[in-house]
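# One predicted model, sequence on top.
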Amino acid sequence: MRKVHFIAIGGSAMHNLAIALKLKNYKVSGSDDEIFNPSKGRLEKYNLLPDKMGWNEERITEDLESVIVGMHARADNPELLKAQKLGLKIYSYPEYIYEQTKDKTRVVIGGSHGKTSITSMILHVLNGLKIDHDYMVGAQLEGFECMVKLTEDAKIAVLEGDEYLSSPIDRRPKFHLYQPNIALLSGIAWDHINVFPTFENYLEQFDIFIDKIESNGSIIYFEGDENVKNTAEKAREDVTKKAYNTPTHRIENGVTTVEVEGHKYALEIFGEHNLQNLKGAQLVCNELGVSTVDFYKTIQSFTGASKRLELVKKTSDFAMYKDFAHSPSKLKATTKAVQQQFLDRELIACMELHTFSSLNKEFLAQYNGAMKNATKAFVYFSPKTLEHKKLASISPEEVKDAFASENVTVYTDSKKLIADLKAIDWKNKNLLMMSSGNFDGVDFKKLGEELVC
């Protein structure tokens with residue numbers, strides 16, 4: 001039996017890979033210094049939860065085929081040092097995904113935004129059409145037990161290509177390691193300022209991604225983004241280039257319909273950014289042998305990826321959505337989508353500055369106009385989070401100036417924000433909650449119930 005050990009098994013990606021290998025009949029062990037739910041419960045379900053928290057070099061033995069290191073580990077981790085001393089094969093998460101899929105047709109979805117949604121759309125269609133495939137996606141999807149699937153038989157692997165670093169000892173962006181046969185690039189907007197201190201440095205990572213496409217591969221790209229277009233068009237001559245834009249569509253009674261090749265298809269999803277994602281997913285599926293008609297018939301039942309314009313509560317004159325949006329480009333796209341879908345309703349949009357980039361004083365100016373499509377915009381940040389991330393303090397006035405629109409109110413107390421939301425009459429209004437966190441522990445489902453009780 002092939003034996004692998006995970007250092008920092010509790011990560012959202014790492015624990016899914018560990019489960020996938022267990023399901024592939026590998027002998028899997030792991031360690032971590034802390035593991036939280038949902039990772040903890042899911043590892044426990046598969047009998048993969050470490051018997052004791054903390055690092056122990058005795059877990060590293062010569063009979064291990066591979067050691068997989070997560071970003072949560074440090075370069076001086078005692079288990080990692082022992083593995084290096086023994087000369088074991090050590091992989092980062094993306095390196096190991098490539099090792100498992102190197103003989104398959106690899107589809108890699110890259111971009112600053114839209115990756116999870118596009119990957120999810122492709123998986124939805126392949127599943128609906130019963131086309132066997134492996135996959136790796138960064139969010140929990142409805143109907144999927146595990147977000148990584150690795151098999152011996154599948155000829156296709158669909159991978160979400162994150163541009164963040166691979167491991168504490170491998171500082172390459174993850175998506176540089178997958179070497180796609182079919183690549184997609186959805187958008188480029190500066191992110192991860194702690195790793196890529198300038199936009200030029202960030203942009204360079206996408207040039208490298210394009211250069212990693214396999215011989216005679218293809219690049220599918222959104223031509224409405226100038227940075228994407230310029231990057232994709234630099235691809236080698238042997239790489240086929242396919243551009244896409246926003247498909248023809250209309251909105252009636254809160255339902256978006258697309259028209260393709262003379263046929264109309266009503267969708268569960270909405271927003272120009274999602275329609276662009278849809279078109280990119282269609283072109284990828286076409287490359288994999290799926291007809292356009294079959295794609296649109298199957299995608300009609302797609303309701304979206306978790307936390308991507310996810311419906312929380314709906315009545316006849318109110319809807320509440322939650323979304324992972326936190327970067328400037330995502331805020332603009334998501335608020336615009338809800339505003340355009342419900343032109344007869346006011347939009348109250350709330351976002352939390354939570355990531356390293358969003359709380360960085362130098363980066364704040366990127367949010368100029370990011371919430372202008374909302375009737376009222378509430379921006380929250382926690383001074384404690386700034387302290388925890390060891391960032392320079394920022395004031396509510398600086399945040400408001402950065403967003404540069406009169407509809408913005410800034411909060412540093414989440415309880416005050418929630419109290420103000422509860423004081424609003426929600427008739428003919430929509431609420432959009434956007435964060436990569438949870439506004440310091442807000443239960444969104446409970447909040448939705450309380451607003452319209």
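Received, thanks.
# Check the spacing between the residue nearest to residue 62 when sequence neighbours are not counted and residue 43 real quick.
In space, residue 62 comes closest to residue 86 once its chain neighbours are excluded; the distance is 5.8 Å by Cβ to Cβ, 6 or more residues apart in numbering. Where C-beta positions appear, they are placed from N, C-alpha and C, glycine not excepted. Computed as Cβ to Cβ, to the nearest Å, the residue 86 to residue 43 distance reads 25 Å.
# Equivalent analysis for residue 63, please.
Using Cβ to Cβ, we find residue 63 at a distance of 22 Å from residue 43.
# Comparing the two, which residue is more hemmed in?
Between residue 63 and residue 43, counted using other Cβ atoms under 10 Å, the more crowded position is residue 43 (26 against 7).
# For that one, grab phi and psi.
With angles defined as degrees, to the nearest 10, residue 43 shows backbone torsions of phi -60, psi -40.
# That one and residue 18 touch, don't they?
Yes - checked against Cβ atoms under 8 Å, the pair residue 43 and residue 18 is within contact range at 7.1 Å.
# Now do the shared contacts for these two.
With contacts taken as Cβ atoms under 8 Å, 6 or more residues apart in numbering, residue 43 and residue 18 have 9, 30 as neighbours in common.
# What residues does the residue nearest the centre of the chain make contact with?
Ranked by distance to the mean C-alpha position of the chain (Cα atoms, centre = their mean), the top residue is residue 116 at 4.4 Å. Taking Cβ under 8 Å, 6+ apart as the definition of contact, the neighbours of residue 116 are 137, 138, 139, 160, 305, 308, 324.
# This protein: helices as residue ranges?
Along the chain, the segments classed as helices by DSSP state H run 12-23, 39-45, 78-86, 93-101, 115-128, 199-211, 226-232, 272-287, 292-299, 328-341, 383-388, 396-403, 414-422, 444-451.
# For these, give me a markdown table that also has mean pLDDT and distance to residue 366.
Converted to a markdown table, the helices of the chain look like this (pLDDT from 0 to 100; distance: least, Cβ to Cβ, whole Å):
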| stretch | mean pLDDT | distance to residue 366 |
| --- | --- | --- |
| helix 12-23 | 96 | 26 |
| helix 39-45 | 96 | 31 |
| helix 78-86 | 98 | 35 |
| helix 93-101 | 97 | 27 |
| helix 115-128 | 96 | 19 |
| helix 199-211 | 97 | 9 |
| helix 226-232 | 98 | 14 |
| helix 272-287 | 97 | 17 |
| helix 292-299 | 98 | 32 |
| helix 328-341 | 94 | 5 |
| helix 383-388 | 91 | 17 |
| helix 396-403 | 97 | 8 |
| helix 414-422 | 97 | 22 |
| helix 444-451 | 96 | 26 |
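# ok, the nearest residue to residue 21 once chain neighbours are set aside - contacts?
Nearest-residue entry for residue 21: residue 28, 5.3 Å, with adjacent residues in sequence omitted and distances by Cβ to Cβ, 6+ apart. With Cβ under 8 Å, 6+ apart as the criterion, the residues that contact residue 28 are 3, 4, 5, 6, 18, 21, 22, 48.
# Can you flag the buried ones in those?
Buried subset of the contacts of residue 28 (neighbour count, 16 or more other Cβ atoms under 10 Å): 4, 5, 6, 18, 21, 22, 48.
# Residue 340: which of these is nearest?
Distance to residue 340, by Cβ to Cβ, is smallest for residue 18 among those, at 41.6 Å.
# now that closest one: how far from residue 399?
Using Cβ to Cβ, one gets 39 Å for the distance from residue 18 to residue 399.
# Please apply the same query to residue 445.
28 Å.
# Same drill for those two, tell me which one is more crowded.
When residue 445 is set against residue 399 and neighbours are counted by other Cβ under 10 Å, the residue ahead is residue 399, at 22 against 12.
# thought the more buried one was touching residue 378?
No - assessed by Cβ under 8 Å, residue 399 is found out of contact with residue 378, at 11.2 Å.
# Please identify every residue contacting each of those two.
Here residue 399 and residue 378 have residue 410 as joint contacts, going by Cβ under 8 Å, 6+ apart.
# Residue 173 against residue 191, yeah?
No - counting by Cβ under 8 Å, no contact exists between residue 173 and residue 191, whose distance comes to 11.3 Å.
# residues shared between the contacts of the two?
In the contact map built from Cβ under 8 Å, 6+ apart, the residues linked to both residue 173 and residue 191 are residue 163.
# Surely residue 91 touches residue 70?
No - applying Cβ under 8 Å, one finds residue 91 not in contact with residue 70, separated by 10.6 Å.
# Those two: which is more packed in?
When residue 91 and residue 70 are compared for neighbours, residue 70 comes out ahead with 25 against 21, by other Cβ under 10 Å.
# Was I right to think that one contacts residue 167?
Yes - the pair residue 70 and residue 167 passes the contact test of Cβ under 8 Å, sitting 6.9 Å apart.
# any common contacting residues for the two?
Common neighbours of residue 70 and residue 167, using Cβ under 8 Å, 6+ apart, are residue 93.
# Please point out which parts of stretch 23-39 sit buried.
Across stretch 23-39, burial judged by 16+ other Cβ under 10 Å covers 23, 26, 28, 29, 30, 31, 32, 35, 39.
# Spit out the contact partners of residue 386.
Residue 386 makes contact with 359, 392, 393, 394, according to Cβ under 8 Å, 6+ apart.
# What subset of these is buried?
Judged by neighbour count, with 16+ other Cβ under 10 Å as the criterion, the buried members of those are 359, 394.
# can you put the contacts of residue 386 in a markdown table and add pLDDT?
Rendered in a markdown table, the data for the contacts of residue 386 read as follows (pLDDT from 0 to 100):
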| residue | pLDDT |
| --- | --- |
| 359 | 93 |
| 392 | 93 |
| 393 | 94 |
| 394 | 96 |
